[in-house]
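**Student:** here is my input; please provide its structure:
(one chain, ligands or ions: 3)
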Amino acid sequence: MATTGKIIKCKAAVCWGPNKPLTIEDIEVAPPKDHEVRIKIVATGICRSDEHVLSGNLSNIRFPIILGHEGAGIVESVGSSVTGIKPGDKVIPLFVPQCGKCRCCLNPDSNVCAEAAIGQNDGTILANSTRFTCKGISVNNFACTSTFTEYTVVDDFSVAKIHDDAPLDKVCLIGCGFTTGYGSAINAAKVKPGSICAVFGLGGVGLSVIIGCKVAGASRIIGIDTNPNKFARAKEFGATECINPKDYDRPFHEVLAEMTGGGVDYAFEVIGNIEVMESAVSSTYYGCGTTIIVGVAPTSSKMSFEPLQLLSGRTIKGATFGGFKSKDHVPKLVCDYMNKKFNLDMLITHKLPFEKINEGFQLLCSGKSVRTILTL
Ligand code: PAD
Ligand code: ZN
Ligand code: ZN
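**Tutor:** Residues are numbered from 1 along each chain as shown. Ligands and ions are numbered 1, 2, ... in the order given. Reported below is the predicted structural model:
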């Protein structure tokens, strides 16, 4: 391509610090180095995890930064030593990389990657630097991906090549929200047929948990949200009933225990709220209930529970990206979507041009949207 090996000037939404609106800036994107891939982003979703950074809930972030981790695009150029990915390929950047060599990658029971710590925590990609510059200032990368930009550069183990015919404005959700929720049910919880599930939080990720619970054959899926406007859509996805904790003036786990003969088999916390996490644990059946923590709680916050709650057989676990090994599974999930094994189109409530990104965040925060897709 004409741009190969050159700096690309393009637009990006730069986050200069917490509690400030993003500003669309002219940035420069340097060419990919060894084992790196430069991608033209075509579509990206807005996930609550991006908003956690904006609202200052996550403290280990270095500013300025380009957020966004739920995108899809087309490879513009590749650095030396990149194999299996070439210019023109459709790809999804992976916020959980898969290097294939670290202790996590080599363990079939883990799906995180030791390389992620490098990208996520210090705001750089693998070569310990960033490829973004704005007004002469170097701008950090977010979660190995940074998709709120027309062009991004990622490490080759942080990107998956997907089917040539995949609709990028839909399958971008496989880059985070859909996969996280769906996998939390089928991989992390391993929901059994006939079981009772409770899903706390009916945003894009919670609704995707419901898709997974339904595919796994749960007999009851109880959707829980403080915003009753979320209930109709949750039922379309497969929730068998929906309830609002605000409608009760007693501990919510007692309400769920009464509804379910003593507690649910699986409780999913998909909000990032410590009190709800504690309530979710108490809502599970004492002899065999499992709680899956999916929501991202503020940095350094702590949840508490009585150890006795676990001695009778309860399990508490967490999952990132739904327990899927990213590079292996993202291409397969894209094909499953194209073969209509599941439908994620209903997660998309809004579409906006990239320039209206702040409007997209307002829609999320006001509870009006599930997923807004920005097109670039
Ligand atoms: P969202 O904001 O679209 O959905 C959250 C839902 O929770 C909304 O419908 C709220 O109305 C509801 N809610 C808020 N407070 C309460 C409460 N106290 N009780 C009941 N309901 C409540 O977010 P999302 O679906 O994009 O993300 C959900 C969480 O999952 C969030 O914390 C995000 O950071 C996390 C996440 N985790 C991973 C991962 O890999 N573990 C990936 C992606 C997102
Ligand atoms: Zn996300
Ligand atoms: Zn690894």
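
**Student:** quick one, what contacts the residue in the stretch 101-250 of the chain positioned nearest to ligand 1?
**Tutor:** Residue nearest to ligand 1 within the stretch 101-250 of the chain (Cβ to the nearest ligand atom): Gly203, separated by 2.0 Å. Glycine gets a C-beta too; all of them are placed from N, C-alpha and C. Residues in contact with Gly203 (Cβ atoms under 8 Å, 6 or more residues apart in numbering) are Arg48, Lys230, Val270, Ile271, Val370.

**Student:** does stretch 56-72 reach ligand 1?
**Tutor:** No. Using Cβ under 6 Å from any ligand atom, stretch 56-72 stays clear of ligand 1, coming no nearer than 8.1 Å.

**Student:** list the buried residues in that stretch.
**Tutor:** Residues Asn57, Ile61, Pro64, Ile65, Ile66, Leu67, Gly68, His69, Glu70, Gly71, Ala72 are the ones in stretch 56-72 that count as buried (16 or more other Cβ atoms under 10 Å).

**Student:** the helix or strand bottoming out on mean pLDDT in the chain: what's the following helix or strand?
**Tutor:** The weakest-scoring helix or strand in the chain, judged by mean pLDDT, DSSP states H and E, is helix 116-122 (a mean of 59). Using DSSP states H and E, the helix or strand that follows helix 116-122 in sequence is strand 132-134.

**Student:** how about the residues of the stretch 1-150 of the chain by ligand 3?
**Tutor:** Along the stretch 1-150 of the chain, the residues adjacent to ligand 3 under the rule Cβ under 5 Å from the ion are Cys99, Cys102, Cys105, Cys113.

**Student:** what about the first one, neighbour count?
**Tutor:** Each residue near Cys99 was counted by other Cβ atoms under 10 Å, and the total is 18.

**Student:** which of the three states applies to it?
**Tutor:** Under DSSP: H, G, I helix; E, B strand; the rest coil, Cys99 falls in the coil class.

**Student:** residues touching it, list them.
**Tutor:** By Cβ under 8 Å, 6+ apart, the neighbours of Cys99 are Cys105, Cys113, Ala114, Glu115, Phe157.

**Student:** among these, name the buried ones.
**Tutor:** Buried residues within those, counting neighbours by 16+ other Cβ under 10 Å: Cys105, Cys113, Glu115, Phe157.

**Student:** pLDDT at whichever residue of the stretch 151-300 of the chain sits closest to ligand 2, what is it?
**Tutor:** Going by Cβ to the ion, ligand 2 is nearest to Cys176 of the stretch 151-300 of the chain, at 3.3 Å. Confidence at Cys176, expressed as pLDDT, is 98.

**Student:** please report how far it lies from ligand 3.
**Tutor:** Noted for Cys176: a distance of 18 Å to ligand 3, by Cβ to the ion, to the nearest Å.
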